[in-house]
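**Q** 3D, please:
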Amino acid sequence: MMRLWMLGLQLSELCVSSVVHLLYGFYIFSSAVAGDLSQALYDCLFFSSKHNVETQEVPRATSSPSSSTNVDGLPPIVLLHGIFGFGKGKLGGLSYFAGAEKKDERVLVPDLGSLTSIYDRACELFYYLKGGQVDYGEEHSKACGHSQFGRIYEQGHYPEWDEDHPIHFVGHSAGAQVVRVLQQMLADKAFKGYENTSENWVLSITSLSGAFNGTTRTYLDGMQPEDGRSMKPICLLQLCRLGVIIYDWFDIPLLKRYYNFGFDHFNMSWKKTGIWGLVDCLMGNAGPFASGDWILPDLTIQGSIQLNSHLCTFPDTYYFSYATKRTRKIMGVTIPSSILGIHPLLFMRVLQMSQWRHPPDVSPPYKGYRDEDWRDNDGALNTISMSHPRFPVEHPSRFVLSDSECQPLQPGIWYYKIVEADHVFFIINRERAGVQFDLMYDSIFERCRKHVFRKNPPTLPDQAHQ
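**A** Numbering: from 1, shown residues only. Now for the predicted structure:
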């Protein structure tokens, strides 16, 4: 009787969670469509009047040569989205970073696979910046059952990228771990045809709710705590898997241009696999979910430890991370710190993660594991996971209460700050964060632009004789 009651409770939770996630997905998609339609209507109604005004204006330069030179001399700031995220050009005019990219004149927002593995995303990011056809590597591609080559970037977004022209990276959620993998691949000279890469191509890494050490949410959503790679038979991730396979199999060009999960290199389209290919994928015999080459295994504690065992913190790179949490302790019990302040998508998970207990009959993911260390969370990631790489070896770090405590930054150290916010507080909807949104991104961009120099900053004319 007790087992039936528990099963009924789990199915009820699955239904509620599925409905909440579907409604939020529909809200995002419909908001993007509505924005595009209103923009198209505006352009249609006012194009002729604008055209008449423009033809009467005298042509003039849009910017002075000096201002153009200053912008060109700045290292780009690359904003990287997290799981289920999107870059510039997807979902119409909707911005994953809620318009933060407009705060600086040289910001890039790449669209990487929203559910592809950390490794695959790192490969895509490299070729997005340098240009050329994405090469996932022959050995990796064979092991994971997908094509070695992917999307072609006719023109890189920063083709001059090298040690003398390094880049600032800002990653949200899984995006932060993507940059770490990319930096290690640069250090290992892992990109064929590019023998001169080094870790110093990365000037700084800023993490916003970064997924460095995995999350217990993956187990709540359906990953097996035993191995961190396989899924439970009935869970939210199984429903997600079915939806993604069907979406990619139908391969509707209009929808794929609007939003893409990033699995084109697995060739799951009906044009290439037919009906039996769909059956194979649904049965778990083929595709990314069969090989484990997708994002969720990388976000388990076991998967993150495996990744971290090969990743370094480099002595000439600057690191800063913002760890978020929406929990507090009352009489030793961790509970959500707010009701109205937590996004409806995340409230249930904040509560569940704050009460997480690793199954007693399953070996802990690492020596010294304690449930209480993992209870503070932001609804998607545990706060302990976001500060800096901790497992299997803890990297150099320093906790700060304010930005003034870490100026100037020292390279090779993870400075981290804990912020009261949920996982989506600083993305998608700018109004939720209010003034905190501007304070956060202004601080990030100011640090990139004014406080981080690998070499000595240039001497200004009025300082030359001081």
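**Q** from Pro225, how far off is Ser363?
**A** As defined by Cβ to Cβ, to the nearest Å, Ser363 lies at a distance of 9 Å from Pro225. Bear in mind the C-beta positions are built from the backbone N, C-alpha and C, glycine included.
**Q** give me the more crowded residue out of those two.
**A** Between Ser363 and Pro225, counting by other Cβ atoms under 10 Å, Pro225 is the more crowded of the two (19 against 10).
**Q** who's in contact with the more buried one?
**A** Shown in contact with Pro225 (Cβ atoms under 8 Å, 6 or more residues apart in numbering): Tyr219, His358, Pro359, Val362, Pro365.
**Q** out of those residues, which are buried?
**A** In these, burial by neighbour count holds for Tyr219, His358, Pro365, counting by 16 or more other Cβ atoms under 10 Å.
**Q** just those residues: which are in helices?
**A** Among the buried ones among the contacts of Pro225, the ones falling in helices (DSSP state H) are Tyr219.
**Q** including pLDDT and distance to Cys448, could the buried ones among the contacts of Pro225 go into CSV?
**A** Formatted as CSV, the buried ones among the contacts of Pro225 follow (pLDDT from 0 to 100; distance: Cβ to Cβ, whole Å):
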residue, pLDDT, distance to Cys448
Tyr219, 98, 35
His358, 97, 38
Pro365, 96, 34
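**Q** how about the strands in the stretch 251-400 of the chain?
**A** For the stretch 251-400 of the chain, the strands defined by DSSP state E, counting those that start in this stretch cover 318-325, 327-330, 333-336, 397-399.
**Q** farthest-separated two in the contacts of Pro225?
**A** Largest separation among those by Cβ to Cβ: Pro359 and Pro365, giving 11.2 Å.
**Q** SS state for the residue nearest in space to the middle of the chain?
**A** By Cα atoms, centre = their mean, the chain has its centre lying nearest to Gly82, at 2.1 Å. What DSSP: H, G, I helix; E, B strand; the rest coil gives for Gly82 is coil.
**Q** again, but for Ser207
**A** For Ser207, the assignment made with three-state DSSP gives strand.
**Q** what sits against it?
**A** By Cβ under 8 Å, 6+ apart, the contact list for Ser207 reads Val170, Gly171, Ala176, Tyr319, Phe320, Ser321, Tyr322, Met386.
**Q** and if you look at Pro336?
**A** Applying Cβ under 8 Å, 6+ apart to Pro336 gives the contacts Arg326, Thr327, Ile342, Phe347, Val350, Leu351, Ser354.
**Q** the fifth one contacts Asp378, doesn't it?
**A** Yes: counting by Cβ atoms under 8 Å, a contact exists between Val350 and Asp378, whose distance comes to 7.3 Å.
**Q** overlap in contacts of the two?
**A** Common neighbours of Val350 and Asp378 (Cβ under 8 Å, 6+ apart) are Arg326, Asp422.
**Q** those two: who's more crowded?
**A** For the pair Val350 and Asp378, the greater number of neighbours falls to Asp378 (31 against 26), based on other Cβ under 10 Å.
**Q** burial check on Asp135, number of neighbours?
**A** For Asp135, using other Cβ under 10 Å, the count is 18.
**Q** ok, now Gly379?
**A** Using other Cβ under 10 Å, the number of residues around Gly379 comes to 28.
**Q** excluding sequence neighbours, find me the nearest residue to it.
**A** Setting aside the residues directly before and after it, Gly379 is nearest to Leu346 in space (Cβ to Cβ, 6 or more residues apart in numbering), at 2.8 Å.
**Q** my read: the residue nearest to the centre of the chain touches His172, true?
**A** Yes: using Cβ under 8 Å, Gly82 makes contact with His172 at a distance of 4.8 Å.
**Q** any common contacting residues for these two?
**A** In contact with both Gly82 and His172: Ser209, using Cβ under 8 Å, 6+ apart.
**Q** before we move on, back to that, in CSV, list the strands of the stretch 251-400 of the chain along with mean pLDDT.
**A** Listed next are the strands of the stretch 251-400 of the chain as CSV, based on pLDDT from 0 to 100:
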stretch, mean pLDDT
strand 318-325, 97
strand 327-330, 96
strand 333-336, 96
strand 397-399, 97
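**Q** of those strands, which is nearest Asp422?
**A** Of those, nearest to Asp422 by Cβ to Cβ is strand 318-325, at 6.7 Å.
**Q** send the alpha carbons of that closest one over as CSV?
**A** Output in CSV follows, covering the C-alpha atoms of strand 318-325 (Å, rounded to 0.1, in the frame of the first residue of the first chain):
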residue,chain,number,x,y,z
TYR,A,318,41.3,36.0,-14.3
TYR,A,319,38.3,34.2,-12.7
PHE,A,320,35.2,35.6,-11.0
SER,A,321,32.0,33.8,-10.2
TYR,A,322,28.6,34.7,-8.8
ALA,A,323,26.9,31.9,-6.9
THR,A,324,23.2,32.3,-6.4
LYS,A,325,20.9,30.9,-3.7
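**Q** part of a strand, is Lys417?
**A** Yes: according to three-state DSSP, Lys417 belongs to a strand.
**Q** beta partners of it?
**A** With DSSP bridges applied, Lys417 shows beta-bridge pairing to Tyr322.
**Q** now this protein, which segments are flagged as low pLDDT?
**A** For the chain, the stretches with pLDDT under 70 are 1-2, 6, 47-72, 451-466.
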